[in-house]
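Participant: Coordinates only, no sequence provided:
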Ligand SMILES: Nc1ncnc2c1ncn2[C@@H]1O[C@H](COP(=O)(O)OP(=O)(O)OP(=O)(O)O)[C@@H](O)[C@H]1O
Ligand SMILES: [Mg+2]
């Protein structure tokens, strides 16, 4: 298939569950040796895409090639080259952590002694050595998550799929997992991860695909995506009475189809601007000319949340009740 | 740190090794659940006391004889059939926790799961039969026809158990989690009750009697009574399975295996696709 150094290629992948269309023509190319982030709201089809790539679900239409092998016709070859940590920790509650890893190791055909050694090694490295001999039933959610991730690392996979790997983890565990992902990539593994945390994609991924309703709606590096929707200019006025006037002045530089937002409380006018379309001195000059004194003028690059919001028309965390779009989450966007 | 994937094993060897690993895993799990083991041991004890002494006092056996001697073979069969619940629950739990998904994303033989599960079920069943037989001996049950016939009876029970455990594995692969499994498990009860396990079928209404006579549980119970030399063998105009109980039990088991082994194996190959 076309690109030899692509770890994952999807072409027009469709998947329906009854009346629900989970994937509606997904196209994706994941370059080998990178971390690729799959972003999308709940129900976008992220997990379904991962399940197709991990040979758990067969696409209705289209094809997917993982590590050079077709996920349908050469499923076994794919399985030998991938690791999967699904959205929910898939470990056995009635066994200890160590036993879980040993058994999975045997099922990867490492052989008894090697499976044993590998289990010990991984537990040690991920801070689970002490808990290793306790039943998983007694583990915290974060510990289960980590054990689940370890199970997918028993055999160094060519491609590792992580479906929301750090959901529900504390910042320290999250950092550990991020470090592990970086180490793996340094060792040559390609990582495809889905996430709801935009900072996670920002931190880890070289490439991002935003998916919505089963289709890719944007791709690029985090920086490119941010540049694509431009930034915001925030002006804090000396006098709240100038708000209307400032908004009028700034609407001249607003990105197409947008208007400045005024926040009387903070005496702030904020306006979305096109990528590289305005410079700060330019803004200051315009305000001066109209006699609107400003105490602070700043150009803000968009957060990935804003990228997400712009592209999908929905906030990044739809787990919140609808209608309470959270300014806190969207960084410092003023409403 | 890097652990390269081992070269693929020959299919048959891989399948066998994986099956053993899965079976070993199930037995290991049991070791961590002493409660489950206690329950396995308590079941025969409770049933013998409950059915043997409480009901037994009021149930006459055709041709006379000790009710507990009549009951024991029936309880053996009942314990065997209840094994279905165990397989069902384990598989359903793996499904619910996503362990099954992990198995299916790995380069293991997919049929290793049902084969491994039924193999470990067989080991557990043999253990619980031994305990149950011990309880029976304690309460006055005896095998009267020598070692050969006795071993034959236990062999027959294990065969039926193996067949039934495939049914459990298949049903388990259809349900999504442990809760659903727990809800359908009590349905096994009537299957064992509408039979001659507790009472002779002679007195039942015709419809029920026909069902009971053709219930594999009845054939197996009669077969055991015959082989152990226990009382209460039916006489007169008999349904075919009751007249040829050993053959009928083997036949029923074979039929269940022929139907459910392919169904279960196929289900594990293709589930979720
Ligand atoms: N087995 C299934 N049966 C029926 N519908 C399904 C199944 N799996 C997924 N779906 C549906 O397909 C759509 C995509 O689901 P998917 O789990 O891929 O979303 P997601 O992007 O992973 O969402 P989340 O962020 O909540 O994990 C949803 O509408 C979901 O209800
Ligand atoms: Mg998901």
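Facilitator: The structure has been received and is ready for your questions. This is a predicted model, so every value here is computed, not measured. Numbering: from 1, shown residues only, chains lettered A, B, ... in the order given. Ligands and ions are numbered 1, 2, ... in the order given.

Participant: and chain A, what are its domains?
Facilitator: Per the record, chain A has its domains at A:6-225, A:230-301, by automatic domain parsing.

Participant: pLDDT averaged over the first one, what's the number?
Facilitator: Domain A:6-225 shows a mean pLDDT of 89 in the predicted model.

Participant: Start and end of that domain, how far apart?
Facilitator: 21 Å (Cα to Cα, to the nearest Å).

Participant: That one and ligand 1, are they touching?
Facilitator: Yes: contact of domain A:6-225 with ligand 1 is found when judged by Cβ under 6 Å from any ligand atom, involving A:17, A:20, A:22, A:40, A:42-48, A:87. C-beta here means a position set from N, CA and C on the backbone, and glycine is covered the same way.

Participant: Just the ones of the residues you listed in strands?
Facilitator: Counted as lying in strands by DSSP state E, out of the residues of domain A:6-225 next to ligand 1, are A:17, A:20, A:22.

Participant: which one of those is nearest ligand 2?
Facilitator: Relative to ligand 2, the closest of those is residue A:22; by Cβ to the ion it sits at 10.1 Å.

Participant: What separation do you get for the residue nearest to residue A:170 when sequence neighbours are not counted and chain B?
Facilitator: In space, residue A:170 comes closest to residue A:142 once its chain neighbours are excluded; the distance is 6.2 Å by Cβ to Cβ, 6 or more residues apart in numbering or on different chains. Using Cβ to the nearest Cβ, to the nearest Å, residue A:142 is found at 17 Å from chain B.

Participant: How about the lowest-mean-pLDDT helix or strand in chain B and chain A, touching?
Facilitator: Ranked by mean pLDDT, DSSP states H and E, the weakest helix or strand in chain B is helix B:34-47, scoring a mean of 76. No: Helix B:34-47 stays clear of chain A (Cβ under 8 Å from any Cβ of the partner chain), getting no nearer than 9.2 Å.

Participant: Are the very next helix or strand once past that helix and chain A in contact anywhere?
Facilitator: Following helix B:34-47 in sequence order, the next helix or strand is helix B:67-97 (DSSP states H and E). Yes: residues of helix B:67-97 contacting chain A under Cβ under 8 Å from any Cβ: B:94, B:97.

Participant: about what we covered before: quick one: closest of the domains of chain A to residue B:121.
Facilitator: Distance to residue B:121, taken as Cβ to Cβ, is lowest for domain A:6-225 among the domains of chain A, at 15.6 Å.

Participant: Could I get the full set of strands for chain A?
Facilitator: For chain A, the strands defined by DSSP E occupy A:6-17, A:20-31, A:35-39, A:61-66, A:69-70, A:82-85, A:159-163, A:190-195, A:207-212, A:215-220, A:231-237, A:261-263, A:268-273, A:294-300.

Participant: Same list, the ones you listed, but as a markdown table with distance to residue B:101 please.
Facilitator: What follows is these, written out as a markdown table (distance: least, Cβ to Cβ, whole Å):
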| stretch | distance to residue B:101 |
| --- | --- |
| strand A:6-17 | 16 |
| strand A:20-31 | 16 |
| strand A:35-39 | 18 |
| strand A:61-66 | 16 |
| strand A:69-70 | 20 |
| strand A:82-85 | 8 |
| strand A:159-163 | 10 |
| strand A:190-195 | 15 |
| strand A:207-212 | 21 |
| strand A:215-220 | 24 |
| strand A:231-237 | 42 |
| strand A:261-263 | 46 |
| strand A:268-273 | 43 |
| strand A:294-300 | 42 |
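
Participant: May I see these organised as a markdown table, with distance to ligand 2 added?
Facilitator: As requested, these are exported to a markdown table (distance: least, Cβ to the ion, whole Å):
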| stretch | distance to ligand 2 |
| --- | --- |
| strand A:6-17 | 13 |
| strand A:20-31 | 10 |
| strand A:35-39 | 10 |
| strand A:61-66 | 17 |
| strand A:69-70 | 24 |
| strand A:82-85 | 12 |
| strand A:159-163 | 6 |
| strand A:190-195 | 6 |
| strand A:207-212 | 11 |
| strand A:215-220 | 16 |
| strand A:231-237 | 31 |
| strand A:261-263 | 33 |
| strand A:268-273 | 30 |
| strand A:294-300 | 31 |
